Structure formats: structure tokens, C-alpha cells
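Asker: please find the sequence and the predicted model below.
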Amino acid sequence: MTDPSIPSGGETPPRRTPLRLVLAGALWVLPLWLVRFLPMVDYPQQLAAASILRFYGDPARALRQTYEIVLLRPQGLFEMLTAGLGYLVPIEAAGKLVLSLSLLAVPLAAALLCRRTGRPEWYALLALAPTYNDAFAWGFVDNLLAYPLVLLGVALADRFFDRPFGGKSWTILAALGLSFYTVHLEFLLVFAGAVGWLALVRRPSFPRLALWLSSLIPGLALGAGVLAWAHLHASEVMTGYQQRLAAEPSHFAPFTARVAHIPSILFSGAADGACYLLTAILLVVLLVLSVPRSEPESGSDSDGGALYRTRFLSLGAWIALLYFVLPNYTRGYLVSDRLLPLAVMVAIAGLPCPPEASRRWRLAALLVAGLLAGQWMRTAAGFLGFASETEGLGELLDQTEPGQSLAGLIYEPGGEHGSHGWDEPPVLIHTPAYYQVAKGGRIHFSFAQFFNSPVAYRPGRNEDDPLLAEWDEWNPQKFDYGRHGLHYRYFLVRGGAERLMAAFGPHLAEMQVKRAGRWFLVERPLR
């Protein structure tokens with residue numbers, strides 16, 4: 001079966017070199033390299049885990065006595081790639097390089113989808129716009145790796161199903177499914193559903209359908225098996241911190257709230273409200289492209305069926321539906337918000353195509369260029385604004401000794417109130433992890449508390465877990481120096497001098513305090 005709207009063979013030959021997409025992607029990721037610290041909530045923790053892998057044998061960092069490496073656990077690809085690149089470049093540059101490649105891979109993978117339907121190359125650039133999305137702001141680096149991988153898998157599956165399906169095709173799809181184990185298990189299920197939908201719209205015979213879908217079995221079996229084992233051995237492999245998160249009830253937002261949240265999900269909305277303007281431009285692009293053509297579309301339902309010809313649009317709609325029906329928050333994780341940008345990226349390849357060089361074609365291309373320019377300038381300005389929030393952080397961390405213990409007291413997790421609109425998400429909450437990136441040692445809260453991390457605490461060495469039950473990174477006001485202070489040598493405090501006095505009281509007189517901007521580094525004297 002082939003798409004009647006494109007030449008036989010299942011795809012159109014590339015009309016332009018991918019070099020243009022690469023150059024556009026290189027410009028797109030430039031904001032990542034303008035600043036030292038990135039406005040991404042979880043990113044410092046992911047980078048810290050990568051630094052543990054990279055510098056595990058460094059005695060000055062004193063990592064071996066606290067942590068162990070567990071590479072067979074799920075979702076550690078970012079950390080492993082970053083640690084590997086860390087042997088060639090500084091670890092912070094390695095993390096940015098992996099992020100840059102993941103964003104750059106989105107238009108390249110989207111271009112493969114567009115070729116399947118004969119859409120112009122600049123359609124793939126539209127997929128760039130929602131890459132600086134809510135998942136990016138939260139620092140969900142696994143999701144950023146998953147987006148292009150899903151797009152690639154969908155393009156390959158669509159191609160394989162239109163050709164004789166042999167052992168090579170089966171092996172490639174099976175390998176893709178297995179690769180999601182190292183990226184993100186939620187997107188393994190999304191990939192499996194996407195492949196299933198692309199198979200069903202072709203209305204194959206049952207033996208052929210079974211053959212196609214059997215390629216998903218290795219990945220699904222591995223993911224389900226590991227999760228089942230982790231559930232049965234939760235008390236052994238999951239820390240008390242993660243078990244407490246898993247016990248929290250799931251949260252479902254009402255439909256109207258989800259609709260209102262769409263602009264900020266797609267374009268990482270802050271208090272400036274520009275995400276609504278960008279969403280309006282995106283809707284205008286869709287409207288311009290969707291105006292019916294005066295001439296009839298080539299092909300008919302008998303040449304493959306309406307579902308087949310609209311398979312990418314319908315697949316995008318199915319993924320968008322998941323955003324509306326899945327919980328927003330469950331077992332300690334944000335769930336549904338991650339999927340909406342992917343729905344847009346997939347659906348792009350199914351958008352109608354006006355006649356080339358027509359007025360609508362030019363208008364849509366111009367709007368896409370404006371959308372990308374607006375999002376790029378907004379992102380770059382946000383990064384530079386965040387640089388002012390982190391001013392002085394690097395200076396203080398550079399003055400610490402390696403291999404020590406540090407706790408964060410972040411009273412302003414979104415930055416100084418009203419300064420740059422970073423209240424949601426709280427982009428400063430995990431900045432204490434940058435100490436571990438630079439100097440190793442142990443930090444009060446670490447992603448090593450989670451099962452899906454490539455590093456874990458050694459048995460009996462997780463002394464932070466009982467402390468987190470009383471005072472965690474989200475509640476610095478619960479810190480009590482008499483109960484908690486003696487477990488750490490350094491304290492990184494974000495807030496005014498009044499916060500510092502409230503946290504340490506009379507003990508502050510016996511400590512060494514350094515200040516840079518609204519950051520304080522408090523050092524407890526060794527005795």
C-alpha cells in the first residue's frame with residue numbers, strides 16, 4: 001500500500017539538502033551556549049548523575065563510598081552519553097552538547113516524516129517551535145531525547161509497512177523499542193501505540209499484523225519485566241523518599257484547565273504571556289494550511305483509505321487525546337504534559353500542502369519563520385535573564401573543597417519575586433546539585449533517590465533519606481540546624497539575609513559566610 005498523494009515508492013526524494021535543517025537547528029540551540037547555568041528544573045540533577053559516572057574513580061571527589069553505578073536500570077541514556085562525552089570536553093559542555101543534539105534531531109526526524117507524505121522541508125522546521133516547551137523548562141532531558149526517537153521510529157515503521165517486511169525491518173523496529181528502555185518508559189508505550197496505529201490503518205491480514213506488531217514484544221517485555229520486578233522489590237530498590245512520592249494520590253486537572261494550559265506547555269510559558277501570542281501564530285499557520293484547495297486531492301479512499309492518508313494527523317490526535325485523559329501527576333511524576341509537544345511534531349507531516357510558491361504557501365512559510373524567530377528571541381532573552389538570577393552562584397561553588405557534603409536552602413526557587421517571572425516552574429530548586437557536578441561529594445537531595453537513575457546509594461549510605469522525611473528540597477523552612485545541620489559541611493542558601501538568620505540563628509556567628517548577589521555559601525567549621 002502506498003500513499004496516493006505522493007509518487008510510488010512511499011516517499012519523495014529530498015528536494016533540498018538537510019544541511020539547511022542542520023544550520024537552522026544550530027542557530028536554534030545557540031541560547032544553550034550563551035549562559036553557564038540553564039533555566040531547567042531537573043537538569044542540574046541529571047548532570048550531577050552524569051558527573052558521578054564520569055568522575056567515579058576520582059578520589060578527591062569521594063564518590064565511591066556513597067554511590068554505586070547501576071547502568072542496567074531504565075532511563076539513563078542522557079547520563080551515559082554525557083559522561084562519555086565528558087572524557088572529551090568539560091562535563092557541563094558535554095551536557096549542553098547532548099541537549100543540543102537532541103533538539104537538532106527533532107527537525108531531521110520530522111523531515112523523514114514529511115518525506116513520507118511529500119510535504120516540503122520547511123514543514124519540519126515547524127517541529128522546532130515546541131522543543132523549548134514545558135518539558136524543557138522542567139529539565140526532563142529524557143523526554144527531549146525521546147521526541148526525535150519517536151519521530152524516527154514512526155517514520156521507519158511507516159516505511160517498513162509499505163514494503164516487504166523481512167528480518168532486517170523487524171530487527172530495526174525491535175531495536176528501537178528496546179532503546180526506549182534507556183530513554184523513557186512512558187514513551188516506549190507511546191511508540192508502541194504509534195506503531196500499532198500505523199499498522200491498523202493499512203488494514204493488513206492478521207498474520208501480517210501479528211508479524212509487524214511482534215517487533216514490539218522485546219521492548220515491551222523488557223520494560224514490563226523490570227517495572228514488575230521493581231514493584232515486587234520496592235522496599236529493596238526504592239528509597240523511602242521515592243516510596244513516599246509513589247504513595248501520593250494522582251491528580252487530574254479539569255478539561256478547561258488543560259485547554260488553558262496548552263500555550264505554556266508548547267512554549268514554556270512564563271509570566272510574560274508571549275506563549276499565547278506564539279500559540280495564536282501556530283493556529284494561524286494551521287488555518288492557512290488547512291484551507292481547502294480548489295482542485296480535488298489526488299487519490300481516493302479506495303487507493304488506501306482516508307485513515308491511511310491522514311495517518312499522521314490522526315496519530316497526532318491520538319497522542320493529544322492522551323494529554324487530556326492521563327493524570328497530570330501520579331506517583332511523583334508529571335505525566336500528561338510531556339505528550340502534547342510530541343502530538344504537534346507528529347501531526348506536522350499530515351498537514352495539507354498548498355501548491356508550491358502559491359500565496360498560501362508563502363504566507364504559511366513566512367508565519368513559520370516568524371513563529372521560530374519569536375520563540376528563539378523569547379528563549380534567548382529568558383536564558384540571559386536567568387543568568388542574572390544565577391549571578392554569583394559559580395563564584396561561590398568554585399570556592400568549595402571537593403568531596404564534601406552540601407545542602408541547599410532555596411527560599412526563592414523561582415528567583416527573586418517578580419524579577420523574571422520564573423515562579424513556575426521553580427528553576428532554581430535543584431541548583432545545589434551543581435556542587436556535585438563541579439566537586440563531587442554528597443548533596444542533601446539527589447536523583448540517586450530514584451530507581452530510574454544510573455547511580456544509587458550504596459547499602460547503608462543513604463543518610464539523606466531520613467532527613468528528607470523531615471525537611472526536603474521543597475520545604476527549606478523546615479530546616480532545623482540542631483537536628484539537620486551537623487550532617488553537612490556546606491549550605492547553599494538562596495534568599496535575603498533575613499532568611500539566612502532564620503535558618504541558622506545564633507549558630508551563624510561560628511560559621512564562615514560568603515555572599516554573591518542573593519546567594520550565600522555557609523561553611524560549618526570542622527571539628
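Answerer: Right, received. Where do you want to start? Numbers count the residues shown, from 1 in each chain.
Asker: got any ranges where the protein has weak pLDDT?
Answerer: Low-confidence segments of the chain (pLDDT under 70): 1-17, 269-272, 292-304, 417-424, 527.
Asker: which helix is the longest one in it?
Answerer: Ordering each helix of the chain by length in residues (DSSP state H) puts helix 359-389 first.
Asker: mind checking what helix or strand follows it in sequence?
Answerer: The helix or strand immediately downstream of helix 359-389 is helix 393-397, counting by DSSP states H and E.
Asker: show me what counts as buried in that following helix.
Answerer: Neighbour counts using 16 or more other CB atoms under 10 Å place Leu393, Leu396, Leu397 of helix 393-397 among the buried residues. Where C-beta positions appear, they are placed from N, C-alpha and C, glycine not excepted.
Asker: can you pull out the helices in the stretch 401-527 of the chain?
Answerer: For the stretch 401-527 of the chain, the helices defined by DSSP state H, counting those that start in this stretch cover 433-439, 464-468, 481-484, 497-504.
Asker: okay, these in a markdown table with mean neighbour count next?
Answerer: As requested, the helices of the stretch 401-527 of the chain are exported to a markdown table (neighbours: other CB atoms under 10 Å):
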| stretch | mean neighbour count |
| --- | --- |
| helix 433-439 | 24 |
| helix 464-468 | 18 |
| helix 481-484 | 14 |
| helix 497-504 | 16 |
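Asker: export the ones you listed to CSV and tack on distance to His233?
Answerer: Listed next are those as CSV, based on distance: least, CB to CB, whole Å:
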stretch, distance to His233
helix 433-439, 27
helix 464-468, 17
helix 481-484, 30
helix 497-504, 38
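Asker: so which of those helices comes closest to Pro352?
Answerer: Nearest of these to Pro352, taken as CB to CB: helix 433-439 at 46.1 Å.
Asker: who touches the closest one?
Answerer: Counting by CB atoms under 8 Å, 6 or more residues apart in numbering, helix 433-439 makes contact with 37, 44-45, 47-48, 51-52, 61, 91-92, 393-394, 397-398, 400-404, 406, 441-443, 446, 490, 492, all of which sit outside it.
Asker: mind giving me the ChimeraX select for the residues you listed, buried ones only?
Answerer: For anyone working in ChimeraX, the buried entries among the contacts of helix 433-439, judged by 16+ other CB under 10 Å, can be selected with:
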select :37,44,45,47,48,51,52,61,91,92,393,397,400,403,404,406,441,442,443,446,490,492
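Asker: among the contacts of helix 433-439, which are located in strands?
Answerer: The strands, defined by DSSP state E, take in Leu406, Arg442, Ile443, Tyr490, Leu492 from those.
Asker: nearest to Leu77, of those residues?
Answerer: Top of the list for closeness to Leu77, among those and by CB to CB, is Ile443 at 22.6 Å.
Asker: residues in contact with that closest one?
Answerer: Ala48, Ser405, Leu406, Ala407, Gly408, Pro432, Ala433, Tyr435, Gln436, Asp464.
Asker: same thing but 6 Å
Answerer: By CB atoms under 6 Å, 6 or more residues apart in numbering, the residues touching Ile443 are Leu406, Pro432, Ala433, Gln436.
Asker: state the distance from it to Ala407.
Answerer: 7 Å (CB to CB, to the nearest Å).
Asker: again, but for Val35
Answerer: 25 Å.
Asker: so these two - more neighbours on which side?
Answerer: Ala407 (26 against 17; other CB atoms under 10 Å).
Asker: quick check: that one touching His487?
Answerer: No: with contact defined as CB atoms under 6 Å, Ala407 does not reach His487; the gap is 7.6 Å.
Asker: who does Ala407 bridge with?
Answerer: Phe491 (DSSP bridges).
Asker: would you map the helices across the stretch 51-200 of the chain?
Answerer: 77-85, 91-117, 122-126, 134-137, 141-161, 167-179, 185-200.
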